[in-house]
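Trainee: Make a model of this:
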Amino acid sequence: MREVADLRLTPATLIADIASARARFGEWSAVLVETTVLRRKAAAKVGDPADWLFTDEALQQATTQSVANHRARRLAGAVVHDATCSIGTELAALRHSAAALVGSDLDPVRLAMARHNVADVDLCRADALRPITGSAVVLLDPARRSRGRRRFDPRDYTPGLDALLDVYRGRDIAVKCAPGIDFDGLAQLGFAGEIEVTSTAGGVREACLWSSGLAAPGVTRRASMLDAGEEITDAEPDDCGVAPAGRWIVDPDGAVVRAGLVRHYAARHGLWQLDPDIAYLSGEQLPTGVRGFEVLEELAYSERRLRQALSRRDTGAVEILVRGVDVDPDVLRHRLRLRGSQMVSVVITRLGVGAASRTTAFICRPSR
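Mentor: Now for the predicted structure:
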């Protein structure tokens, strides 16, 4: 492994590097090269993956380290059973904060890798649908991929979410799900608790289902923005108004939008909505640390009007944000044929409903 790790394994050198590994290590070369490549990919998910073992599918499903650490903080001091531990990324985050910890998985290969990756954690082979603990908080991460393809219906997870909720009904559980999961569908499956949507590194990473015993009183939805160190829940006020654009336009973090907490976020930061059904917010001041768009000009949207307005501003590069209208930013950017030297942001959105509906473009200066 140390010798193969010295190979570059870039697209330009891959064929030659594989040939070199094959000449030196024969039948072991394929697994040596694959493990080296996966360790390099794992850097964003595992703090120091230098000695870890992975399968490609297990790595794709593995929780990003910052998200796993966040969940471990919520479970600090608890007795935890990770019943779908896979290669051990959640266990690595939990082992220093849980009062007691055990991991299990049905896949013998992933379990063997977990024994190597988190050697200080007690592990056993078990089916998540056949509980082996009685009072521990159960952490579940059903597989949402099969042969590289995503599964969107939670009943098609492995194990199925409906089956997991039935088996652990009445227990304290935390279930990792895809961020796009249908919230209404969860209620139909019998879930009652908190849905936490988590974002980091500029993207929404997951939705985690927390059973009622693990949720804060009165909270059914939570947005956790790890980069900003901010959380917001539906137990907070949501009294924000609707008004024309002020100095700044704010595109809320994806976790806020996905969790349905746009109005709560606006109320917290003294912002208002441009439209009651659109997630864009506005205000005279930006929330601390939030990227915003300072309004320079507002116009009724058409490609011709927008092109002329951008030309007058000597625009050569444009960032395009769209909500509520059928506009493809990449196609529009090409059609604008900009030749200037300045850079601006353009926010295009629908305002109003029915006959009063109109598409509006805001030419803006980004805060950063």
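
Trainee: Nearest residue to residue 127 in space, please, no chain neighbours.
Mentor: Spatial nearest neighbour of residue 127, excluding adjacent residues (Cβ to Cβ, 6 or more residues apart in numbering): residue 106 at 5.1 Å. In this view, the C-beta of every residue, glycine as well, is placed from N, C-alpha and C.

Trainee: mind listing what the one you found touches?
Mentor: 125, 126, 127, 128 (Cβ atoms under 8 Å, 6 or more residues apart in numbering).

Trainee: repeat that with 10 Å
Mentor: 83, 84, 125, 126, 127, 128, 129, 130, 158, 159 (Cβ atoms under 10 Å, 6 or more residues apart in numbering).

Trainee: Setting aside sequence neighbours, what's the nearest residue to the fourth one?
Mentor: Sequence neighbours aside, residue 104 is the residue nearest to residue 126 in space, at 4.0 Å (criterion: Cβ to Cβ, 6+ apart).

Trainee: Dump the helix or strand encompassing residue 90 to PDB, keeping only the CA atoms.
Mentor: Taking DSSP states H and E as the definition, one finds residue 90 inside helix 89-94. Extracted C-alpha coordinates of helix 89-94, given in PDB (Å, rounded to 0.1, in the frame of the first residue of the first chain):
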ATOM      1  CA  THR A  89     -17.500   6.500   9.600                       C
ATOM      2  CA  GLU A  90     -20.300   7.300  12.100                       C
ATOM      3  CA  LEU A  91     -18.600   5.100  14.800                       C
ATOM      4  CA  ALA A  92     -15.400   7.100  14.300                       C
ATOM      5  CA  ALA A  93     -17.300  10.300  15.200                       C
ATOM      6  CA  LEU A  94     -19.300   8.700  18.100                       C
END
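
Trainee: Buried residues in whichever helix or strand comes after that helix, which are they?
Mentor: Following helix 89-94 in sequence order, the next helix or strand is strand 100-105 (DSSP H and E). Using 16 or more other Cβ atoms under 10 Å as the test for burial, strand 100-105 gives 101, 102, 103, 104, 105.

Trainee: Out of those residues, which comes closest to residue 261?
Mentor: Within the buried residues of strand 100-105, the smallest distance to residue 261 is 31.7 Å, found for residue 101 (Cβ to Cβ).

Trainee: domain parsing for the chain?
Mentor: Following automatic domain parsing, one gets these domains for the chain: 2-44, 59-232, 248-366.
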